[in-house]
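**Student:** coordinates only, sequence not included:
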């Protein structure tokens, strides 16, 4: 963000700096002694001529260049135009002296803008300073990039800025400036920054021990996440963890405590960031977030010590309430918040009233029942008369959001009364909202017509075209409304003061439906014509053109007044305005034809308008466009925000954080799984015996330094994958930094597995995170988050629950990210396939062949002949088929070398599927014949696809 200093502050800076430059000191003193502008201008011109001559002669040393550039900058901040000296400032940037480099950067920042041709000349110098090991030079370069911020500079230097941000060697103050510089570049040129590619590296920095770095990085993540929700999904768990440490665990430096509130700026940003995402389904995260919000609510009960303490406390509180509403507007925390909001909107503090009304508007936009808010309706109506216009605006928003059928008449009536005295800045918005509320909650046609016509009459100048267009559309489309509308609009047209927009509505409605009231006393054809004609002379050209069309329709439906209308047409055939002249001439020709056939064809009744979204809503939302920090909800009822959330969250794919998944402990403990309450602990104790330390780093692979694209896996990581398809435990991956092991167990459609992570280095691994890339029909949840630190040679584990909901073909991936010197990313395929959810069954010979025949052939059977690449080991074959969870049936096949298996696949939603197989090995020929029959064609193909590669390459 460009930092703008006040004129007096910069002058003070130059006066302080001039103590080392006598010429600058004298010049500033001379300027300050000038009593009139003419003397100042004379002194400035003299000094400019002197500096110009010095620059022209050349042969200036660094000190002299610095002094003269300082004088030019001082003139510039006084408001004088400087059209030379830019190159000298650019040359100073290349100096090895800090004082000269500082003035060079200051000159470039003040004198150049992003489209200045000379800005290209400083890119290489800035890049050189970014690559320096001197942190001060890094900061000067970052300041220049953020202040100039041109596209060419962003394209050339954004990667260098990003490198400084993620470098483990960068100081905290350099990281802070780098994060804010990237934020500035992204806001100005979002297409230049590869936000998705940098997501993991940037998210990791939210765990930085320096809260200042965390604050700046969070600001950057907020901007990036708004446009890249899926890529920055990992920030959700980190934001919750950081809030828990600050608010619940009270882990923070005293340097960041502002009037007894720990780093409120970071709290607010994290609470706002969480609102960009849907509520987490992870039980652990939900509990942490509940504790955070409840603690904030409880802390708000403490009486503030002073104004600053109150401001910081309220700022955090209101953002916490907004998050609670976003997560679950029916929760107990929101119920507590409603009581607090009722107190806030009656506060004596203007800021508190403002925030209370805005937060209550958010609640009204999301909650199912408006009754708790309606209790404060009188107070909210009083806010329309508040002395502060911002409070009045928020009161208007809240009334618009809380309106429904029961209170619509009272709210609309109050808004109409207030419209007469409202600020001009509010009137157009009020007109739109009154029109929308009247249309949405009208239970009587008469009430709708009365309100809209009164609105047109009261605030005609602030009624846009879109309002009266919508009125006409509704009247045309509702037959029951037409007669009353024609009668009522005629009454309004007779009033002495009638706004032009009302004349437009009257002209259209009477031209179409005037015949419906022609027999009513006071509404005869001549009286309708006279009512419109009396306003004709005061209207603008477009309205006169519309009334001429209305008169033509009158000739068709009221032939008795044809003479009076023709005289009007005849008069306007000779006016200077070409549009009116053409209409009058054409209408005159049509009306005076021998027959009325063309007249009747032209003046046929308008058909109903096609149903479409109200243009009033589009116009209102246009006026309330989002700013840099996008609001996560819109002013209005729940229906508007439901659609908005659907669109926003539709960008989230299947990839989700492993700690942001639905915990289904109750599911895992139901059905045939008879684990007691300590089942998870018992399973983890069993896993403690898993030895994943036997592999050495030389046989492994190097993890990728940096992020991998979604869907791709780490090269070479499939080495251990095949054997784990038919084994329950083993090593999943190993390299020089990390070793990953897995142990699993399955029962019916349920399963669970644990991943073990061992640090193979002698340094602590930090910012450790796991992300599951889910697949359809396979639910993977975790009851706990993994530790974010792994000590040297230490080991941690993470437990996952599984449920096979239906058939699936893809295997899920786990994305592991951690910092060990640099950021490392490992993406592994998890050995979770369809056969894991099969249960072996025992059958005798007759039972097997009966089921074999019942399944039949065709698409349910698949037979393949395979060539083995290794010698066939019959004992190993039995172990493999059992590992694929087939029950080995002995004595069924007359050939003892053949293997016959039976199993049942269990799914939560697709039921049970019978699976039979027969494997005929030919040891001498190194060949197999595999036959699989199941009750589902897709399962048959999937089992064959899993068995075939293992049979051809198996060496066990």
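**Tutor:** Arrived safely. Remember, it's a predicted structure, so these values are computed and weren't measured experimentally. Residues are numbered from 1 along each chain as shown.
**Student:** only C-alpha atoms for contact and neighbour calcs from this point on.
**Tutor:** OK.
**Student:** quick one: the helices in the stretch 801-950 of the chain, in order.
**Tutor:** With helices called from DSSP state H, counting those that start in this stretch, the stretch 801-950 of the chain shows them at 845-855, 874-883, 937-953.
**Student:** the ones you listed: which one's closest to residue 791?
**Tutor:** Closest to residue 791 of the helices of the stretch 801-950 of the chain is helix 874-883 (Cα to Cα; 34.8 Å).
**Student:** for the closest one, packing partners?
**Tutor:** The contact analysis (3 or more Cα pairs under 8 Å, 6 or more residues apart in numbering; DSSP states H and E) places helix 874-883 against strand 887-888.
**Student:** state the mean pLDDT of the strand it packs on.
**Tutor:** Average pLDDT, strand 887-888: 90.
**Student:** hmm, back to that, export the helices of the stretch 801-950 of the chain as CSV, with columns for distance to residue 510, mean neighbour count and mean pLDDT.
**Tutor:** Formatted as CSV, the helices of the stretch 801-950 of the chain follow (distance: least, Cα to Cα, whole Å; neighbours: other Cα atoms under 10 Å; pLDDT from 0 to 100):
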stretch, distance to residue 510, mean neighbour count, mean pLDDT
helix 845-855, 76, 14, 87
helix 874-883, 84, 16, 87
helix 937-953, 68, 17, 88
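**Student:** quick one, which of the ones you listed is nearest to residue 65?
**Tutor:** Of all those, helix 937-953 comes closest under Cα to Cα, at 74.8 Å.
**Student:** about what we covered before: need the helices of the stretch 801-950 of the chain in TSV (columns: distance to residue 166).
**Tutor:** Shown next, in TSV, are the helices of the stretch 801-950 of the chain (distance: least, Cα to Cα, whole Å):
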stretch	distance to residue 166
helix 845-855	59
helix 874-883	45
helix 937-953	42
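**Student:** and those helices: which comes nearest residue 776?
**Tutor:** Residue 776 lies closest, by Cα to Cα, to one member of the helices of the stretch 801-950 of the chain: helix 937-953, at 15.0 Å.
**Student:** could you give the angle of that closest one to helix 874-883?
**Tutor:** 150 degrees (axes from the mean of the first three to the mean of the last three Cα atoms, to 10 degrees).
**Student:** pull the distance from helix 937-953 to the chain's centre.
**Tutor:** From the chain centre to the centre of helix 937-953 is a distance of 42 Å (Cα atoms, centre = their mean, to the nearest Å).
**Student:** need the contact partners of it.
**Tutor:** Applying Cα atoms under 8 Å, 6 or more residues apart in numbering, the contact partners of helix 937-953 are 722, 807, 809, 834-835, 859-862, 866-870, 915, 932-934.
**Student:** PyMOL command to pick out the buried ones of those residues?
**Tutor:** Buried members of the contacts of helix 937-953, defined by 16 or more other Cα atoms under 10 Å, are picked up in PyMOL with:
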select buried, resi 722+807+809+834+835+860+861+862+866+867+868+915+932+933+934
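**Student:** relative to residue 355, which of the helices of the stretch 801-950 of the chain is closest?
**Tutor:** Closest among the helices of the stretch 801-950 of the chain, using Cα to Cα: helix 937-953, at 57.2 Å.
**Student:** so, low pLDDT: which residues of the chain?
**Tutor:** Applying pLDDT under 70 to the chain flags residues 1-20, 460-461, 611-632, 637-711, 954-956.
**Student:** domain parsing for it?
**Tutor:** Following the TED database, one finds the domains of the chain at 443-603, 720-832, 835-952.
**Student:** just name the most buried of those domains.
**Tutor:** Burial of these is given as mean neighbour count (mean count of other Cα atoms under 10 Å); domain 720-832 ranks first at a mean of 20.
**Student:** related to what we said a few turns ago, so which of the helices of the stretch 801-950 of the chain comes closest to residue 361?
**Tutor:** Proximity to residue 361 (Cα to Cα) singles out helix 937-953 among the helices of the stretch 801-950 of the chain, at 51.5 Å.
**Student:** let me know the angle separating the biggest strand by length in the chain from helix 937-953.
**Tutor:** Counting residues, the longest strand found in the chain (DSSP state E) is strand 911-922. Angle of strand 911-922 versus helix 937-953, following the same axes, to 10 degrees, is 30 degrees.
**Student:** from residue 916, how far off is the nearest residue to residue 914 once chain neighbours are set aside?
**Tutor:** Spatial nearest neighbour of residue 914, chain neighbours left out: residue 904 (4.6 Å); criterion: Cα to Cα, 6 or more residues apart in numbering. Going from residue 904 to residue 916 by Cα to Cα, to the nearest Å gives 9 Å.
**Student:** find residues that contact each of the two.
**Tutor:** In contact with both residue 904 and residue 916: no residue, using Cα under 8 Å, 6+ apart.
**Student:** show me the contacts for residue 746.
**Tutor:** Applying Cα under 8 Å, 6+ apart, we find residue 746 in contact with 752, 836-837.
**Student:** distance to residue 48 added to the domains of the chain, as a markdown table?
**Tutor:** Formatted as a markdown table, the domains of the chain follow (distance: least, Cα to Cα, whole Å):
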| stretch | distance to residue 48 |
| --- | --- |
| domain 443-603 | 54 |
| domain 720-832 | 52 |
| domain 835-952 | 83 |
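**Student:** got the phi/psi numbers for the residue of the chain most remote from its centre?
**Tutor:** Going by Cα atoms, centre = their mean, the residue of the chain most distant from its centre is residue 594, 66.5 Å out. With angles defined as degrees, to the nearest 10, residue 594 sits at phi -60, psi -40.
**Student:** related to what we said a few turns ago, for residue 927, find the nearest of the helices of the stretch 801-950 of the chain.
**Tutor:** That would be, of the helices of the stretch 801-950 of the chain and by Cα to Cα, helix 937-953, which comes in at 8.5 Å.
**Student:** and the residue nearest to residue 914, how close does it get to residue 131?
**Tutor:** Plainly put, residue 904 is 63 Å away from residue 131 if you go by Cα to Cα.
**Student:** next one: residue 33
**Tutor:** Taking Cα to Cα as the measure, residue 33 and residue 131 are separated by 45 Å.
**Student:** before we move on, what about residue 723?
**Tutor:** Residue 723 sits 47 Å away from residue 131, going by Cα to Cα.
**Student:** now swap in residue 917 and tell me
**Tutor:** Note on residue 917: its distance to residue 131, by Cα to Cα, is 64 Å.
**Student:** just residue 823 next, same as before
**Tutor:** Applying Cα to Cα, the value for residue 823 to residue 131 is 20 Å.
**Student:** so who does the closest residue to residue 112 other than its chain neighbours touch?
**Tutor:** Nearest non-adjacent residue to residue 112, counting by Cα to Cα, 6+ apart: residue 119, 6.8 Å away. Neighbouring residues of residue 119 by Cα under 8 Å, 6+ apart: 108, 112-113.
**Student:** now with 10 Å?
**Tutor:** If you count contacts by Cα atoms under 10 Å, 6 or more residues apart in numbering, residue 119 has them with 86, 90, 108-109, 112-113, 148-150, 152-153.
**Student:** what's the farthest-apart pair in these?
**Tutor:** Counting by Cα to Cα, the most remote pair of the contacts of residue 119 is 86 and 152, 18.8 Å apart.
**Student:** so which of those two has more stuff around it?
**Tutor:** Using other Cα atoms under 10 Å, the more surrounded residue of residue 86 and residue 152 is residue 86, with 18 against 15.
**Student:** circling back to that earlier point, hey, what's the angle from the longest strand of the chain to helix 845-855? Just curious.
**Tutor:** Here the directions of strand 911-922 and helix 845-855 differ by 110 degrees (the same axes, to 10 degrees).
**Student:** so in that sheet, which strands flank strand 911-922, and in what orientation?
**Tutor:** Pairing partners of strand 911-922, with direction, according to DSSP bridges: strand 899-907 (antiparallel), strand 927-934 (antiparallel).
**Student:** can you pull out the strands in the stretch 201-350 of the chain?
**Tutor:** Applying DSSP state E, counting those that start in this stretch to the stretch 201-350 of the chain gives strands spanning 257-258, 261-262.
**Student:** most tightly surrounded among these?
**Tutor:** strand 261-262 (a mean of 20).
**Student:** what sits against residue 856?
**Tutor:** Here residue 856 is in contact with 933-935 (Cα under 10 Å, 6+ apart).
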